[in-house]
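A.B. asks: below are the sequence and a predicted model for it; my questions follow.
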Amino acid sequence: MNESLFRLINDLGKQHTFFNPIFVFIAEYTVIFLALTVITFWFTRVKQNRMMIICGSTTFVIAEIVGKVAGKIHSNNQPFAELSNVNQLIEKAVDNSFPSDHTILFFSFCMTFWIFKGGKGFIWILLAILVGISRIWVGVHYPADIMVGAIISIISAFLMFRIVPKLSLTQKLLGMYEKGESIILPLKKDNYQG
C-alpha cells in the first residue's frame, strides 16, 4: 500500500510535468519561508506570538527526537534508492528516510501556529500537507515517512501547547529575554501587546 500510494503521487510528475517546478520549489525552498515566518512572529514583540514560537521550537525538538527513535525501530531508504523508475526531481543523499524530517519540521510549527491561532490559521495545516505531498512528488519520501512524521509532530504540538506555557522556567526565561531586549531595543509601553 505504501509503495502503491507513492507510485500514484510520484507518477503524477511524469504525467503533469508542468507542475514539477512548483513541487520542487515547495519541497526545497518553503523551509526559507517558514524560517522567515518564525523570525517575523518573534520580532512582532507580542508575547503570545513568542510563546507560540517557543512551543513550536520545543515541539520540533521533541518530535525530532521521537522521529530518530522511530527511525531506529524501522528503517528504509528513499524511494529513488529502493525502487525502479522513480521520478526523482531533487538530489538527496541515500540514508534512512523514515520518518521525514521536513514533515516533522513543518507539522511541528504549522500545527503549533494553528493551535495558537484558535483554528483560524488553517492555511498552515494546508502548507504542511503540501510540503509532505511535495516530498513524495519529487521522489525522496514514501507516504508512510510523511504520515508518521506528521503524527509525531501533531501529538507533540498538542502536548507542548499544554505543558510549555505553564512552566515557570519558560515564563522566567522569556521575561529575562524581554528585559534584555527592552534595554537594546526600547519599545513604548503602549506598543507592547501582552
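C.D. replies: Okay, I see it.
A.B. asks: the longest helix in the chain is where?
C.D. replies: Across the chain, the longest stretch assigned as helix under DSSP state H is helix 47-73.
A.B. asks: that helix packs against which elements?
C.D. replies: Helix 47-73 sits against helix 20-42, helix 101-116, helix 143-163, helix 168-184, with contacts defined as 3 or more C-beta pairs under 8 Å, 6 or more residues apart in numbering; DSSP states H and E. Glycine gets a C-beta too; all of them are placed from N, C-alpha and C.
A.B. asks: list the contacts for Gly149?
C.D. replies: Contact analysis of Gly149 by C-beta atoms under 8 Å, 6 or more residues apart in numbering lists Ala63, Gly67, Pro99, Ser100, Asp101, His102, Thr103, Ile104, Phe107, Gly132.
A.B. asks: try it again with 10 Å
C.D. replies: With contact set as C-beta atoms under 10 Å, 6 or more residues apart in numbering, Gly149 has these partners: 63-64, 66-67, 70, 97-108, 128, 132, 135, 141.
A.B. asks: so how far is Lys14 from it?
C.D. replies: As judged by C-beta to C-beta, to the nearest Å, Gly149 and Lys14 stand 25 Å apart.
A.B. asks: run a quick neighbour tally on the residue nearest to Gln48 when sequence neighbours are not counted.
C.D. replies: What sits nearest to Gln48 in space, not counting adjacent residues and going by C-beta to C-beta, 6 or more residues apart in numbering, is Phe116, at 6.8 Å. Using other C-beta atoms under 10 Å, Phe116 has 22 neighbouring residues.
A.B. asks: do Gln78 as well
C.D. replies: 22.
A.B. asks: please report phi then psi for it.
C.D. replies: The phi/psi pair for Gln78 (degrees, to the nearest 10) reads phi -60, psi 150.
A.B. asks: buried ones in stretch 169-181, by neighbour count?
C.D. replies: Residues of stretch 169-181 classed as buried by neighbour count (16 or more other C-beta atoms under 10 Å): Thr170.
A.B. asks: meant to ask about stretch 89-101
C.D. replies: For stretch 89-101, the buried set under the neighbour-count rule, 16+ other C-beta under 10 Å, comprises Leu89, Lys92, Ser97, Phe98, Pro99, Ser100, Asp101.
A.B. asks: just those residues now: which is nearest Ala157?
C.D. replies: The closest of these to Ala157 turns out to be Pro99 (C-beta to C-beta; 15.0 Å).
A.B. asks: now do the same contact list for the closest one.
C.D. replies: Pro99 neighbours (C-beta under 10 Å, 6+ apart): 63-64, 66-68, 70-71, 74, 141-142, 144-153.
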